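[1] Sequence first, predicted model second:
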Amino acid sequence: MKSPARMVLAASCALAMISVPTTAWSADKPETKPKATATGKAKPAPKPVPVDCAKVKCIALTFDDGPGKYADKLLDTFKKYKSKTTFFLEGQYVKSRPAFAKRMVVEGHEIGNHSYTHPHLRELSEDRIREELTSTQDIVKKVTGKYPTTIRPPYGELDERVAAVARQMGMPIILWNGGSRDWATRNEKAIYDEVLKNAKRDGVILMHDWVEQTVKVMPKLLAALQKQGYHVVSVSSLRGAKATVAGDVYPVGSEKDKDLSSDSPTGDPDAYAQSPEDSF
């Protein structure tokens, strides 16, 4: 015969089993809350493991002329798909949209220098080239707390003077080896098709965050790239990028591509870029 104490214990266990709610089956992993320490303070959540592009297939989507007026929506999409990118910022737009620039840095994206006013650098004196780039360095640092670490010259145009200034500033030059032609087509399907056509391992794709159709098609595009096995990362994560030194060009040999300019606007900047007065 069971003792009264054992009967009470069994009844308590049975009641506890009934009262604990069951968790519905889900393909998504449940969110784990940080565990409290002995002091009662929660431990910080573990940092995400960096993507090793030597082991997995990576691609970099990069955005010029920003922060554009749709950058907040673009950042929402990258956050949802747990992807990173590189923004090449113009100083004038960092000044007019500082919250967007700051959010890019806070959310772990990479920032590069795309000049202050988007001129043809080859048409400027070396002093003016330096001024365009250092002015952007200064405003980005003031707004975000960080300096851009790379340079992308407007239109992909560079010469030895541009490279010399980049060396003096201690910054590599980042071009691209695939385009989207989003600035020209302004068509979601055309942008989607062009990017997937040019997608390849360690590809650097040129896009623009001021093109509304680019921002709208981004969820579909990121989903398609991930389905093909790509990890969408910042340029510095790509194989070979870390070995690029100040004044050198990455991707290697991209400066020799005769069709490079066809991926980037080559007319009057005011004809395509949003004006600095367009605030968020």
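    Cool, the structure landed.
[2] quick one: buried residues of stretch 211-227?
    Neighbour-count burial for stretch 211-227, counted by 16 or more other Cβ atoms under 10 Å, picks out 211, 213-218, 221-222, 225. Using the backbone N, CA and C atoms, a C-beta is placed for each residue, glycine as well.
[3] do stretch 57-75 as well
    58-72, 74-75.
[4] In helices only, show me those residues.
    71-72, 74-75 (DSSP state H).
[5] so where's the stretch 101-250 of the chain shaky on pLDDT?
    For the stretch 101-250 of the chain, applying pLDDT under 70 flags no range at all.
[6] which residue ranges form the helices in it?
    Assigned by DSSP state H, counting those that start in this stretch, the helices in the stretch 101-250 of the chain fall at 126-144, 160-169, 182-185, 188-198, 212-227.
[7] Would you format those as TSV with distance to Ala243 included?
    Formatted as TSV, these follow (distance: least, Cβ to Cβ, whole Å):
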stretch	distance to Ala243
helix 126-144	22
helix 160-169	16
helix 182-185	30
helix 188-198	23
helix 212-227	25
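[8] List just the one of the ones you listed that sits closest to Ser96.
    helix 126-144 (10.3 Å; Cβ to Cβ).
[9] Would you mark the buried spots in that closest one?
    Neighbour-count burial for helix 126-144 flags 129-130, 132-137, 139-140, 143-144 (criterion: 16+ other Cβ under 10 Å).
[10] Determine how far the last residue of stretch 74-90 lies from the first.
    End-to-end distance for stretch 74-90: 17 Å, by Cα to Cα, to the nearest Å.
[11] ok so, going back, tell me which of the helices of the stretch 101-250 of the chain lies nearest to Asp52.
    helix 212-227 (16.6 Å).
[12] Taking their axis directions, that closest one and helix 188-198 sit at what angle?
    Using axes from the mean of the first three to the mean of the last three Cα atoms, to 10 degrees, the direction of helix 212-227 lies 40 degrees away from that of helix 188-198.
[13] quick one: the one residue sitting closest to the centre of the chain and Leu124, what's the gap?
    Geometric centre of the chain, nearest residue: Thr85, 1.6 Å, by Cα atoms, centre = their mean. From Thr85 across to Leu124, the span is 28 Å (Cβ to Cβ, to the nearest Å).
[14] before we move on, what about Ser180?
    For Ser180, the distance to Leu124 - Cβ to Cβ - is 27 Å.
[15] same deal with Val217?
    Applying Cβ to Cβ to Val217 and Leu124 gives a distance of 35 Å.
[16] Of the buried residues of stretch 211-227, which is the nearest to Ser115?
    Nearest to Ser115 among the buried residues of stretch 211-227, with distances taken as Cβ to Cβ, is Val211, at 18.9 Å.
[17] Quick one: residues contacting the closest one.
    Residues in contact with Val211 (Cβ atoms under 8 Å, 6 or more residues apart in numbering) are 68, 70, 182-183, 186, 191.
[18] again, only using 10 Å
    Val211 sits next to 63, 65, 68, 70, 180-188, 191, 217, 272, 274 when contact means Cβ atoms under 10 Å, 6 or more residues apart in numbering.
[19] circling back to that earlier point, between the helices of the stretch 101-250 of the chain, which gets nearest to Leu175?
    Once the helices of the stretch 101-250 of the chain are compared by Cβ to Cβ, helix 160-169 is nearest, at 11.6 Å.
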